[in-house]
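Asks: Could you work out the structure for the sequence below:
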Amino acid sequence: MKRDQHCKELNMRMSLIALSAALCAAATPAAAVDLGNGFSASVGVSGVSDYRFRGISLSDTKAAVQGSVTINHESGVYAGVWGSSLGDSVEPLYGKVESDLFVGYGTEISPGTSIDLNATFYTYADSPSGTHSDYMEFLGSVKHDFGPAAIKVGGAWAPSMKATGDQDFIYGYGELSAPIPSTPLTFRGHVGVQDLGFASYTDWQLGLETTLGPVSASLSYVDTSIGRGSDILAAGFTSSYDNVKAGVVFSLGLAF
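Replies: Numbering: from 1, shown residues only. Okay, the predicted model is just below:
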């Protein structure tokens, strides 16, 4: 697909400034190891058939390897790093590896209701010099349990900086999860809206997930509004951009 460098960079930023790793179907599972003094550590690795971030593939609809290390405190404070391999189409601007450094706080504020506040710094250590690819995002969510089911709403804000094209980017989303009776499966639905300043788009996801001991797996259908008359196209993108087309994503993770 032909497009000028300005549109290419906006496209990559649109792909990358969009929920925290926790929203992705490819989210790495985590198991806790007691470190003493109220601290614990969780480590996870996973393989995904397609690294989708807010509906957009960052691995060119191909497989990616991901991992995470998180240190938690019983107070609710946590910090860690999450990483993933990237596809060839983003390499000219971001390199081959994404590393997300995060710190946050999560707690239950009333029976069945919990909040999570998070600051994440997205870094690309092997990105070409002068591309200004690193950026910061602030995220927050509220979750309420309705018996075994749960609803979560949240949002993210990336303040204006060079990596965002001097635009404030805002993302809002809602999620529903519920176990399927008499099965080990959980249904999860997600819908979000990404405002890029110059344009916006919607992403959605429907899937099933399960966990058996340290192993977790998920299968999801992921799609976006891009390619069907969205204002993203008006900004210079075409429906031939494969990384925004609907797709099925499978993930398999191991926590240790």
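Asks: If you rank every helix and strand of this structure by mean pLDDT, what lands last?
Replies: Lowest mean confidence among the helices and strands of the chain (mean pLDDT, DSSP states H and E): helix 5-16, at a mean of 42.
Asks: Packing partners of the very next helix or strand once past that one?
Replies: Toward the C-terminal end, the helix or strand that comes next after helix 5-16 (DSSP states H and E) is strand 31-36. Here strand 31-36 touches strand 39-48, going by 3 or more Cβ pairs under 8 Å, 6 or more residues apart in numbering; DSSP states H and E. From N, CA and C alone the C-beta is placed, and that goes for glycine too.
Asks: Given the strand it packs on, what are its sheet partners and their directions?
Replies: Strand 39-48 has the following sheet partners, assigned by DSSP bridges: strand 31-36 (antiparallel), strand 64-73 (antiparallel), strand 247-255 (antiparallel).
Asks: Out of these, the one nearest residue 147 is which?
Replies: Closest approach to residue 147 among these (Cβ to Cβ): strand 31-36, 24.8 Å.
Asks: one step back: switch the strands paired with strand 39-48 over to TSV; also include mean neighbour count.
Replies: Putting the strands paired with strand 39-48 into TSV (neighbours: other Cβ atoms under 10 Å) gives the following:
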stretch	mean neighbour count
strand 31-36	11
strand 64-73	18
strand 247-255	19
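Asks: just checking, which of the ones you listed comes out with the lowest mean pLDDT?
Replies: Set side by side, the strands paired with strand 39-48 give their lowest mean pLDDT on strand 31-36, at a mean of 82.
Asks: Around the closest residue to residue 173 other than its chain neighbours, how many other residues sit close by?
Replies: The spatial neighbour of residue 173 that comes closest, neighbours along the chain excluded (Cβ to Cβ, 6 or more residues apart in numbering), is residue 192 at 3.4 Å. For residue 192, the count of nearby residues is 23 (other Cβ atoms under 10 Å).
Asks: List the beta-bridge partners for residue 191.
Replies: residue 174, residue 204.
Asks: doesn't residue 206 make contact with it?
Replies: No. With the criterion set as Cβ atoms under 8 Å, residue 191 and residue 206 do not qualify as a contacting pair; they are 9.6 Å apart.
Asks: Tabulate the strands paired with strand 39-48 in CSV, adding columns for distance to residue 161.
Replies: Conversion of the strands paired with strand 39-48 to CSV gives the following (distance: least, Cβ to Cβ, whole Å):
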stretch, distance to residue 161
strand 31-36, 34
strand 64-73, 25
strand 247-255, 30
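Asks: Can you say which of those strands is nearest to residue 187?
Replies: Proximity to residue 187, assessed across the strands paired with strand 39-48 by Cβ to Cβ, is greatest for strand 247-255 (15.4 Å).
Asks: Off-centre distance for that closest one?
Replies: Distance, stretch centre to chain centre, for strand 247-255: 13 Å (Cα atoms, centre = their mean, to the nearest Å).
Asks: ditto for stretch 39-51
Replies: For stretch 39-51 - counting by Cα atoms, centre = their mean - the centre lies 13 Å from the chain centre.
Asks: buried stuff in it?
Replies: In terms of neighbour count (16 or more other Cβ atoms under 10 Å), stretch 39-51 has its buried residues at 39-40, 42-44, 46, 48-51.
Asks: quick one: the strands in the stretch 151-256 of the chain?
Replies: In chain order, the stretch 151-256 of the chain shows strands spanning 169-179, 186-195, 200-212, 215-224, 247-255, with DSSP state E, counting those that start in this stretch as the criterion.
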